[in-house]
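**Student:** quick check, what structure comes out for this input:
(4 chains)
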There are 2 protein chains.
Amino acid sequence: MLQIDVLSRVPVYEQIIDQIETLIATGAMEAGDQLPSVRGLSVEILVNPNTIQKAYTELDNLGIVTSVPGRGCFVSQNAPEMLRRRGTESLSELYALAKRLHSLGVRAEELHQTIDEAVSGKTADGTGKEG
Amino acid sequence: MLQIDVLSRVPVYEQIIDQIETLIATGAMEAGDQLPSVRGLSVEILVNPNTIQKAYTELDNLGIVTSVPGRGCFVSQNAPEMLRRRGTESLSELYALAKRLHSLGVRAEELHQTIDEAVSGKTADGTGKEG
DNA sequence: TAACTGTACTAATTCGCATAGTACAGTGAA
DNA sequence: TTCACTGTACTATGCGAATTAGTACAGTTA
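**Tutor:** The predicted structure follows:
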């Protein structure tokens, strides 16, 4: 289900958060759906249960999931709205990164083209920008 | 001269690298210009000399500056070209971030608008996206 | 000679991340 | 009730990156 890269600079618990957010945002998971149990997911992706719980707790604090002791962890009703708001707030990161690249000499046209590629899911040069 | 944010998740030595790169890219520093000495800068921005040296060493490895033992550290002749190449390579980061924001529900138009704001150095909503 | 420059070490500290283990309480079906 | 599941809480530990501290060496230049 989830793909964890232990070599990444991004902490495992953040990778879990990001991927669950993506699953919800893309419609792969809907409001009311139950997430994998803390212990079950820890076995599946070979990660300590504490790390899973840390991710779930943060998702709960973000209002994206709702944890019910004894029952499980479920996608909250207003998760899509929270995610969109979260994305809009993160536009500041895009702003800062674009500003930096532009200051380094990258043309505005290249920046816009990269946005188009990201939105369409394609790359113009085939260099594999995911990696 | 340099502004260090010790509360940032970005390591101090990376902040130093980024800001010196920006100074060169914007023309505030030119090829042949001498950088502050390791010890001098450490006193000025209240950072350990080893941290300064780590930044300088990395800038040297990137071909952006040239260190001369006994003389000092200078902006290399082909620094602008190296910076532009570095910026182009970093487009993959912009690609990944844009892809993620789009998956969270942020419209392509908002992404392009943010790029425009970053390039022009202005914000449409005045929320202070730098911060 | 003296004061600067970059460079090269070792040691210690701090902090975030992750793991390991144990324990407690709520839920729901057999 | 019993049992297996659920989330939650807590302590202890290990690890690695970042940073600081201190010392030392060699080249440059007035």
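**Student:** now find how far off-centre the helix or strand hosting A:Y95 is within its chain.
**Tutor:** Element membership of A:Y95 [criterion: DSSP states H and E] is helix A:91-103. Helix A:91-103 has its C-alpha centroid displaced from the chain centroid by 19 Å (Cα atoms, centre = their mean, to the nearest Å).
**Student:** so it, near chain B or not?
**Tutor:** Yes. Judged by Cβ under 8 Å from any Cβ of the partner chain, helix A:91-103 and chain B are in contact via A:91-103. Bear in mind the C-beta positions are built from the backbone N, C-alpha and C, glycine included.
**Student:** in that helix, what counts as buried?
**Tutor:** A:L91, A:S92, A:L94, A:Y95, A:L97, A:A98, A:K99, A:R100, A:L101, A:H102, A:S103 (16 or more other Cβ atoms under 10 Å in any protein chain shown).
**Student:** report the angle between the very next helix or strand once past that helix and helix A:91-103.
**Tutor:** Towards the C-terminus, the helix or strand next in line after helix A:91-103, according to DSSP H and E, is helix A:108-120. Relative orientation of helix A:108-120 and helix A:91-103, computed by axes from the mean of the first three to the mean of the last three Cα atoms, to 10 degrees: 140 degrees.
**Student:** does anything pack onto the helix holding A:Y95? Which helices or strands?
**Tutor:** Secondary-structure packing of helix A:91-103 (3 or more Cβ pairs under 8 Å, 6 or more residues apart in numbering or on different chains; DSSP states H and E): helix A:108-120, helix B:12-25, helix B:91-103, helix B:108-120.
**Student:** let's see it at 6 Å
**Tutor:** helix B:108-120 (3 or more Cβ pairs under 6 Å, 6 or more residues apart in numbering or on different chains; DSSP states H and E).
**Student:** quick one: mean pLDDT for the helix it packs on?
**Tutor:** Across helix B:108-120, the average pLDDT comes to 97.
**Student:** dump that helix to CSV, restricted to CA.
**Tutor:** C-alpha atoms of helix B:108-120 as CSV (Å, rounded to 0.1, in the frame of the first residue of the first chain):
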residue,chain,number,x,y,z
ALA,B,108,-3.0,24.7,-12.0
GLU,B,109,-3.9,28.4,-12.3
GLU,B,110,-3.0,29.0,-8.7
LEU,B,111,0.4,27.3,-9.2
HIS,B,112,1.1,29.5,-12.2
GLN,B,113,0.0,32.6,-10.4
THR,B,114,2.4,31.8,-7.6
ILE,B,115,5.2,31.4,-10.0
ASP,B,116,4.4,34.8,-11.5
GLU,B,117,4.4,36.4,-8.0
ALA,B,118,7.8,34.8,-7.2
VAL,B,119,9.3,36.0,-10.4
SER,B,120,8.0,39.5,-10.1
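**Student:** number of nearby residues for A:L111?
**Tutor:** Neighbourhood size, A:L111 [other Cβ atoms under 10 Å in any protein chain shown]: 27.
**Student:** regarding A:S67, what is its secondary structure?
**Tutor:** Using DSSP: H, G, I helix; E, B strand; the rest coil, the secondary structure recorded for A:S67 is strand.
**Student:** per-residue confidence at it?
**Tutor:** What the model reports as pLDDT for A:S67 is 97.
**Student:** quick check: A:R107 vs DNA strand C, distance?
**Tutor:** Separation of A:R107 from DNA strand C (Cβ to the nearest atom of the strand, to the nearest Å): 33 Å.
**Student:** cool, A:A98 as well?
**Tutor:** 25 Å.
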